[in-house]
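J.: prediction below, plus the sequence it came from.
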2 protein chains.
Amino acid sequence: MNHPGAGKAGTPRLRRDAQLNTEKIKTAALDAFQERGLDVPLEEIAQRAGVSIGTLYNRFGTREALTDVVMADVAAERLSDAVARARGCPDPWSRFASYVELICEIQATEPALNDIVSRRHPDASRLAAVCDETMTQARQFVEDAQRDGSLRPDFTLEDLFLVFVSNGALMRIMAEIGAGTWRRRVGFTLDGLRTEAARR
Amino acid sequence: MNHPGAGKAGTPRLRRDAQLNTEKIKTAALDAFQERGLDVPLEEIAQRAGVSIGTLYNRFGTREALTDVVMADVAAERLSDAVARARGCPDPWSRFASYVELICEIQATEPALNDIVSRRHPDASRLAAVCDETMTQARQFVEDAQRDGSLRPDFTLEDLFLVFVSNGALMRIMAEIGAGTWRRRVGFTLDGLRTEAARR
DNA sequence: TTCAAAGTTGAGGGTGCCGTCAAGTTATGA
DNA sequence: TCATAACTTGACGGCACCCTCAACTTTGAA
């Protein structure tokens, strides 16, 4: 693979060393993002990649472009996996609830995804698209649970987003402190969203 | 008042110009903190006071000392007022709930108080003491409501603190956007904390 | 082998904040 | 009025990050 001629039309093929650097930077960036969130200094990424900061800018142009290239697929995979798993639940409420729990779990365990879900980098356009897509799917969970009578009817998609934003902020502030206790608090939140009729 | 001899023993009295500057800085700092939160650049406070940054450091030494001097009384007043008003409610649950609502309202309307309540400046010691004091009083609300059976028994004081931390983060992120909608969301939260038995 | 085009490098300039200190100014009491 | 301790000033160095660009190195086609 990657033999001569494999380059996409339009993009004027990179020299071999540049291509190698691109890979090294992507790998380093993925590691750094996963460990420390999307705010890692680009200097640090360059260092990890064994490359100068200038090269990083040559290859990617902007921070947003780099995060887009590195994180979009990962984000799409993680988020659509959560959606798929939630879909596997037997009733509208448990689909909604497990969707919320799965996203919160992602936020608790993956700093980079937390930043993405909380929309802290609105200029990374592919990432934004991935999030939009997920929110579209989430709308289904919300509507189904409301139609079913188990989710309070005044709860909006924006409210759902804000649940994630504030959970994300908490995760960022708490970091390792109280790492395990988020699940109980998400439980509180869900209890506040379920209608009385839907409780046993 | 403030006539010669009024200085506290120990503190070696300031020259009149220095005393005036101290007042100008306090006033400017209060304004700036209230408008933009405790993170305002000290440069900005000095400018508003019509004084150089050096003077600000001469008079107060550190940012923490300044925030302590300027905000401790304001914070104590606001927070104890919230406690007092909550105490005026007729039953344990409504005391707890109105306490939470009042604190969240303060967070929504006063950036400086929001920073204080969220403990974003742990080195301002008088402020920390004011918060500790309030949490002590809050413990009463929590315990009473739990004894009464209206607040879920697995809810802890730390959970309460985290409610304020995440509400605070949301307020900081949202700023003016959706300024009025926080009350509905606090309602969701409270619904999640009330026991089923306590609902009508 | 040669050499132009492609790519790399890192010092350097920009921003925004912090906190300091030598030099200059002013209040005060003798 | 004058000496001096008290006070003010703001330029400066430091830090952490951003992004650029002139000088240098490497690739790879001819």
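T.: Perfect, thanks for sending it. Residues are numbered from 1 along each chain as shown, chains lettered A, B, ... in the order given.

J.: just checking, what packs against the strand or helix carrying A:Asn21?
T.: If you go by DSSP states H and E, A:Asn21 is part of helix A:16-36. On a contact count with 3 or more C-beta pairs under 8 Å, 6 or more residues apart in numbering or on different chains; DSSP states H and E, helix A:16-36 meets helix A:42-49, helix A:53-60, helix A:63-87, helix A:111-117. For every residue, glycine as well, the C-beta is placed using N, CA and C.

J.: may I have the second one as PDB, with CA atoms only?
T.: It refers to helix A:53-60. The C-alpha coordinates for helix A:53-60 follow below in PDB (Å, rounded to 0.1, in the frame of the first residue of the first chain):
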ATOM      1  CA  ILE A  53       6.700  23.400  15.500                       C
ATOM      2  CA  GLY A  54       7.200  24.800  12.100                       C
ATOM      3  CA  THR A  55       6.700  21.400  10.500                       C
ATOM      4  CA  LEU A  56       3.500  20.900  12.400                       C
ATOM      5  CA  TYR A  57       2.200  24.200  11.000                       C
ATOM      6  CA  ASN A  58       3.400  23.300   7.500                       C
ATOM      7  CA  ARG A  59       1.500  20.100   7.500                       C
ATOM      8  CA  PHE A  60      -1.700  21.100   9.100                       C
END
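
J.: and that helix with helix A:63-87, angle?
T.: 60 degrees (axes from the mean of the first three to the mean of the last three C-alpha atoms, to 10 degrees).

J.: who's in contact with the helix or strand of chain A with the lowest mean pLDDT?
T.: Least confident element among the helices and strands of chain A, by mean pLDDT, DSSP states H and E: helix A:182-193 (a mean of 89). Here helix A:182-193 makes contact (C-beta atoms under 8 Å, 6 or more residues apart in numbering or on different chains) with A:97, A:100-101, A:104-105, A:108, A:151-152, A:155, A:163, A:167, A:170-171, B:152, B:154-155, B:159, B:162, B:188-193.

J.: what's the neighbour count on A:Gln19?
T.: 14 (other C-beta atoms under 10 Å in any protein chain shown).

J.: please disregard the earlier target; I meant A:Leu38.
T.: Neighbourhood size, A:Leu38 [other C-beta under 10 Å]: 24.

J.: and for the one 10 residues further on?
T.: Number of residues near A:Arg48 (other C-beta under 10 Å) recorded here: 17.

J.: skipping its backbone neighbours, what lies nearest it in space?
T.: A:Ala28 (3.7 Å; C-beta to C-beta, 6 or more residues apart in numbering or on different chains).

J.: got it, and A:Ile25?
T.: Per C-beta to C-beta, 6+ apart, closest to A:Ile25 is A:Ala49, 4.6 Å.

J.: does the one you found really touch A:Leu30, like I thought?
T.: No: using C-beta atoms under 8 Å, A:Ala49 is not in contact with A:Leu30, being 10.6 Å away.

J.: hang on, the earlier thing: distance check, the residue nearest to A:Arg48 against A:Arg87.
T.: 35 Å (C-beta to C-beta, to the nearest Å).

J.: who's in contact with the helix holding A:Asn21?
T.: Residues outside helix A:16-36 that contact it (C-beta under 8 Å, 6+ apart) are A:2, A:14, A:40, A:44-46, A:48-51, A:55-56, A:58-60, A:66-67, A:69-71, A:74, A:110-112.

J.: intersect these with the contacts of DNA strand C.
T.: Among the contacts of helix A:16-36, proximity to DNA strand C is found for A:14, A:51, A:55, A:58-59 (C-beta under 7 Å from any atom of the strand).

J.: selecting buried members of those residues in ChimeraX, what would you type?
T.: Here is the ChimeraX selection string for the buried members of these, based on 16 or more other C-beta atoms under 10 Å in any protein chain shown:
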select /A:51,55,59
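
J.: nearest to B:Asp123 among the ones next to DNA strand C among the contacts of helix A:16-36?
T.: Set against B:Asp123, the nearest of those by C-beta to C-beta is A:Val51 (38.7 Å).

J.: contact partners for the closest one?
T.: Going by C-beta under 8 Å, 6+ apart, A:Val51 touches A:21, A:24-25.

J.: if you rank the residues you listed by neighbours, which is first?
T.: Tallying neighbours with other C-beta under 10 Å puts A:Ile25 at the head of these, with 25 neighbours.

J.: how is chain A carved up into domains?
T.: In terms of domains, chain A is parsed into A:1-61, A:71-198 (source: automatic domain parsing).

J.: most tightly surrounded among these?
T.: Mean neighbour count, computed with mean count of other C-beta atoms under 10 Å in any protein chain shown, is highest for domain A:71-198 among the domains of chain A, reaching a mean of 18.

J.: ends of it, how far apart?
T.: Criterion C-alpha to C-alpha, to the nearest Å; first-to-last residue distance in domain A:71-198 is 38 Å.

J.: so it, near DNA strand D or not?
T.: No: Domain A:71-198 lies apart from DNA strand D when judged by C-beta under 7 Å from any atom of the strand; the minimum separation is 9.7 Å.

J.: sweet, I'm off.
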